[in-house]
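1. What follows is a predicted structure for the sequence shown.
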Amino acid sequence: MLRQGAIDEVVAGKFHIFAVETIDEGIEILTGLPAGGVTNKGSVNQKVERRLIEFVEQARAFHAGFGQP
(Lines give C-alpha, C1' and ligand atoms only; values in the text may rest on other atoms or scores of the structure.)
Protein backbone atom coordinates (compact mmCIF):
# COMPACT_ATOMS: atom_id res chain seq x y z
CA MET A 1 0.00 0.00 0.00
CA LEU A 2 2.87 2.39 0.70
CA ARG A 3 5.53 3.36 -1.77
CA GLN A 4 8.96 2.01 -0.93
CA GLY A 5 10.25 5.55 -0.33
CA ALA A 6 7.66 6.06 2.41
CA ILE A 7 8.54 2.72 4.00
CA ASP A 8 12.23 3.65 3.94
CA GLU A 9 11.47 6.95 5.71
CA VAL A 10 9.51 5.15 8.42
CA VAL A 11 12.33 2.64 8.91
CA ALA A 12 14.79 5.54 9.15
CA GLY A 13 12.66 7.01 11.95
CA LYS A 14 11.80 10.18 10.06
CA PHE A 15 8.08 9.75 10.75
CA HIS A 16 5.61 7.26 12.16
CA ILE A 17 2.44 5.68 10.91
CA PHE A 18 -0.32 5.03 13.40
CA ALA A 19 -3.42 2.95 12.81
CA VAL A 20 -6.49 4.45 14.46
CA GLU A 21 -10.07 3.31 14.60
CA THR A 22 -11.64 6.65 15.51
CA ILE A 23 -11.01 10.32 14.97
CA ASP A 24 -10.68 10.70 18.73
CA GLU A 25 -7.75 8.27 18.72
CA GLY A 26 -6.07 10.33 16.02
CA ILE A 27 -6.70 13.57 17.93
CA GLU A 28 -5.06 12.11 21.02
CA ILE A 29 -1.98 11.02 19.05
CA LEU A 30 -1.66 14.40 17.33
CA THR A 31 -2.24 16.59 20.39
CA GLY A 32 -1.05 14.46 23.28
CA LEU A 33 -4.28 15.41 25.06
CA PRO A 34 -7.30 13.28 25.82
CA ALA A 35 -10.02 13.72 23.20
CA GLY A 36 -12.64 12.97 25.84
CA GLY A 37 -16.20 14.14 25.75
CA VAL A 38 -17.50 17.67 25.97
CA THR A 39 -17.93 17.23 29.72
CA ASN A 40 -14.34 16.06 30.32
CA LYS A 41 -12.41 19.02 31.71
CA GLY A 42 -9.38 19.85 29.59
CA SER A 43 -10.26 17.49 26.75
CA VAL A 44 -9.84 18.53 23.14
CA ASN A 45 -13.55 18.03 22.50
CA GLN A 46 -14.47 20.28 25.41
CA LYS A 47 -12.12 22.99 24.15
CA VAL A 48 -13.58 22.72 20.66
CA GLU A 49 -17.13 22.96 22.00
CA ARG A 50 -16.22 25.99 24.10
CA ARG A 51 -14.68 27.72 21.06
CA LEU A 52 -17.70 26.93 18.86
CA ILE A 53 -19.98 28.46 21.50
CA GLU A 54 -17.81 31.59 21.42
CA PHE A 55 -18.23 31.77 17.63
CA VAL A 56 -22.00 31.47 17.96
CA GLU A 57 -22.10 34.20 20.60
CA GLN A 58 -19.96 36.49 18.41
CA ALA A 59 -22.19 35.85 15.40
CA ARG A 60 -25.32 36.61 17.42
CA ALA A 61 -23.78 39.83 18.72
CA PHE A 62 -22.79 40.82 15.18
CA HIS A 63 -26.28 40.15 13.79
CA ALA A 64 -27.89 41.93 16.72
CA GLY A 65 -26.02 45.06 15.62
CA PHE A 66 -27.91 44.91 12.32
CA GLY A 67 -31.33 44.36 13.87
CA GLN A 68 -31.30 40.63 13.12
CA PRO A 69 -32.74 38.14 15.63
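-> Arrived safely, thanks for sending.
2. The residue nearest the centre of the chain sits in which helix or strand?
-> For the chain, Ile27 is the residue whose C-alpha lies nearest the centre (C-alpha atoms, centre = their mean; 5.3 Å). Assessed by DSSP states H and E, Ile27 sits inside helix 23-31.
3. what's in contact with that helix?
-> Contact with helix 23-31 is made by Phe18, Val20, Leu33, Pro34, Ala35, Val44, Asn45, as judged by C-beta atoms under 8 Å, 6 or more residues apart in numbering. In short, each C-beta sits where N, CA and C put it, glycine included.
4. Restricted to helices, list the residues you listed.
-> Among the contacts of helix 23-31, DSSP state H puts Val44, Asn45 in helices.
5. most neighbours, which of the contacts of helix 23-31?
-> Ala35 (20 neighbours; other C-beta atoms under 10 Å).
6. Tell me the spacing between that one and Ile29.
-> Relative to Ile29, Ala35 is positioned 10 Å away (C-beta to C-beta, to the nearest Å).
7. Report the separation between Ala6 and Phe18.
-> Counting by C-beta to C-beta, the gap between Ala6 and Phe18 amounts to 14 Å.
8. pLDDT below threshold where in the chain?
-> By pLDDT under 70, the low-scoring segments of the chain are 67-69.
9. rerun at 50
-> For the chain, no stretch is flagged by pLDDT under 50.
10. got a list of what His16 touches?
-> Val10.
11. wait, I meant Leu2
-> By C-beta under 8 Å, 6+ apart, the contact set of Leu2 is Val10, Ile17.
12. quick one, phi psi at it?
-> Backbone torsions for Leu2, taken as degrees, to the nearest 10, come to phi -100, psi 150.
13. With Asp8 instead?
-> Dihedral angles (degrees, to the nearest 10) for Asp8: phi -60, psi -40.
14. about what we covered before: please compute how far the helix holding Ile27 lies from its chain's middle.
-> How far helix 23-31 lies from its chain's middle: 7 Å, per C-alpha atoms, centre = their mean, to the nearest Å.
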